[in-house]
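> Sequence and predicted structure, then a few things I'm wondering about:
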Amino acid sequence: MGKKHSRHCHELKEEEKTVFKSKEGEVYRIPALFYNRNNKTLMAFAEKRRTKDDSSSLELVMKTATVNMDENNHEWSEVKPVKEAHLDGYRPMNPCPVYEKTSQTLFLFFICVEGTVSESYQIRTGCNKARLCYVKTTDDGQSWSDFTDLTEQLVKEQRWATFAVGPGHGLQTETGRLIVPLYAYASSCCSSCCCCIKCCCSTPHALSLYSVDGGNTWQFGKMLKQQSLECEMAEYFDEKQESSIYCNARTGGGNREEAISRNKGKDFSKLSPKRLTETGKGCQGSVVSFPAQGADTEGDQSQSKNKWLLFSHPSNKCKRIDLGVYLNKSPGNPDTWSKPCILYRGPSGYSDLAYIDDGWFACLMECGTKRYTEQIACKLFSYNEIKQVLERKNANKSSVV
């Protein structure tokens, strides 16, 4: 993690700051991050659980921090429960914020799962117990709207064994479309009865939930053809200034699934070959797009559009350790991903990235000394630091930022 150095040093200036600290009977998992550039505020979300198990989720919680990039500083508020994200008899999971710029409204999407029913049970039986929900705020979470449940309107006829949003952030395209990433287990159960355990076969596929009217109405895009799980999406522009939606999804092992949409997330085409390594049996990862950086882009107004991608994920092939960030300057080409620059050396799991502007990023991540469930921490870093690390390290080794 290293020592603190001057602003121009090759190493990252300071260590990560704890945002949510776990203890016995109170475990924080599943980070989601949003940066409001109107008032330079970071908003961090997580699940508060009794234990590390998914079935023990209690409530969604949040913290905020004002970012001062002149001093490379951010101080977090006290933890606050999102009490409106509640449905009696259900547990809230998978926070996924998406911001609508015109109305300056932040939608916090999540799922509510009945009782302590596990995802594996729903997959085995083909009987969905999850609900698609959101609350929204216009004042950085000081107050929230009433609970909205979209399940009957959107999910009921999908024949899904189960589904989940994100986790992590959604996005708004340059044309105003809101996109929420999600994945669903498409059920081929031979009966509508939830007891037909032996007759059900469910496979996961990523897809988008989108709105073209500022969040008033929502609809699903088409599933990726390839098996894919938890995902995040980002909009980028190619050399012709044409927009694409990039999807990066968890798999069961081997390599990540990457896909591109040319029609704003309605459907996706597979990117080949697969170059990003998946960890063990899989782990969530995060992706953001941002403007091309460097002296050669100064004065070029086209560079205000997002051209490059940054991806965060544990860099080890077997275990959830050594969270790294990967850079891609040609998002349509999987061969151009960089080697990982390590943000956190040690146990680390889920993460969420936010682009802060002026070449700076924030990463909210699960990490610890013995277990990645010990805390959720936030780290600020810059593109220049990533560039310096990649330039000075051997191409065959991971680099410590």
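Good, I have the coordinates.

> three-state assignment of residue 265?
The local conformation at residue 265, judged by DSSP: H, G, I helix; E, B strand; the rest coil, is coil.

> count of residues packed around it?
By the criterion of other C-beta atoms under 10 Å, residue 265 has 26 neighbours. Glycine gets a C-beta too; all of them are placed from N, C-alpha and C.

> how about it, what does it touch?
177, 179, 208, 210, 221, 233, 245 (C-beta atoms under 8 Å, 6 or more residues apart in numbering).

> got it, and residue 105?
99, 136, 137, 138, 214, 215 are the contacts of residue 105 under C-beta under 8 Å, 6+ apart.

> Looking at those, which is nearest residue 37?
Distance to residue 37, by C-beta to C-beta, is smallest for residue 99 among the contacts of residue 105, at 9.6 Å.

> Nearest residue to that closest one in space, please, no chain neighbours.
residue 106 (5.1 Å; C-beta to C-beta, 6 or more residues apart in numbering).

> in its sheet, what does the helix or strand that neighbour falls within sit against?
Per DSSP states H and E: residue 106 is located in strand 105-114. With DSSP bridges as the test, strand 105-114 is paired with strand 90-100 (antiparallel), strand 130-137 (antiparallel).

> After the shortest one, which helix or strand is next?
So the one you mean is strand 130-137. Trace forward from strand 130-137 with DSSP H and E and the next one is strand 148-149.

> Can you get me a residue count around the nearest residue to residue 104 once chain neighbours are set aside?
Once flanking residues are discounted, residue 104 sits nearest to residue 138: 5.8 Å by C-beta to C-beta, 6+ apart. For residue 138, the count of nearby residues is 14 (other C-beta under 10 Å).

> what's the answer for residue 38, then?
10.

> mind checking how far the nearest residue to it once chain neighbours are set aside is from residue 177?
Closest residue to residue 38 apart from its sequence neighbours, by C-beta to C-beta, 6+ apart: residue 104 at 6.9 Å. From residue 104 across to residue 177, the span is 17 Å (C-beta to C-beta, to the nearest Å).

> Between those two, tell me which one has more neighbours.
residue 177 (20 against 13).

> phi, psi of that one?
phi -70, psi 130 (degrees, to the nearest 10).

> As a check, name the ranges of all strands in the stretch 251-400 of the chain.
257-261, 269-270, 286-291, 306-314, 321-328, 341-357, 360-367, 375-382, 399-400 (DSSP state E, counting those that start in this stretch).

> The fifth one packs against which elements?
The helices and strands touching strand 321-328, judged by 3 or more C-beta pairs under 8 Å, 6 or more residues apart in numbering; DSSP states H and E, are strand 306-314, strand 341-357, strand 360-367, helix 383-392.

> between it and strand 286-291, how big is the angle?
Using axes from the mean of the first three to the mean of the last three C-alpha atoms, to 10 degrees, the inter-axis angle of strand 321-328 relative to strand 286-291 is 30 degrees.

> Check what contacts strand 321-328 and list those residues.
Contacts of strand 321-328 (C-beta under 8 Å, 6+ apart): 276, 308-316, 336-349, 351, 353, 361, 363, 365, 367, 372, 381, 386, 390, 398, 401.

> Kindly export it (C-alpha atoms) in PDB.
What follows is strand 321-328 as a C-alpha-only set of coordinates in PDB (Å, rounded to 0.1, in the frame of the first residue of the first chain):
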ATOM      1  CA  ILE A 321      -6.800 -10.700  -3.800                       C
ATOM      2  CA  ASP A 322      -4.800  -7.800  -5.300                       C
ATOM      3  CA  LEU A 323      -7.500  -5.500  -6.700                       C
ATOM      4  CA  GLY A 324      -6.200  -3.900  -9.900                       C
ATOM      5  CA  VAL A 325      -7.300  -1.400 -12.500                       C
ATOM      6  CA  TYR A 326      -6.900  -2.000 -16.200                       C
ATOM      7  CA  LEU A 327      -6.700   0.600 -18.900                       C
ATOM      8  CA  ASN A 328      -8.000   0.400 -22.500                       C
END
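
> got the angle between it and strand 257-261?
30 degrees.

> what do you get for the longest one?
Orientation check (the same axes, to 10 degrees): strand 341-357 against strand 257-261 gives 20 degrees.

> elements contacting strand 341-357?
strand 27-36, strand 286-291, strand 306-314, strand 321-328, strand 360-367, strand 375-382, helix 383-392, strand 399-400.

> and residue 78, how far is that from residue 238?
44 Å.

> between those two, which one's more packed in?
More neighbours surround residue 238 than the other of residue 78 and residue 238, with 13 against 6 (other C-beta under 10 Å).
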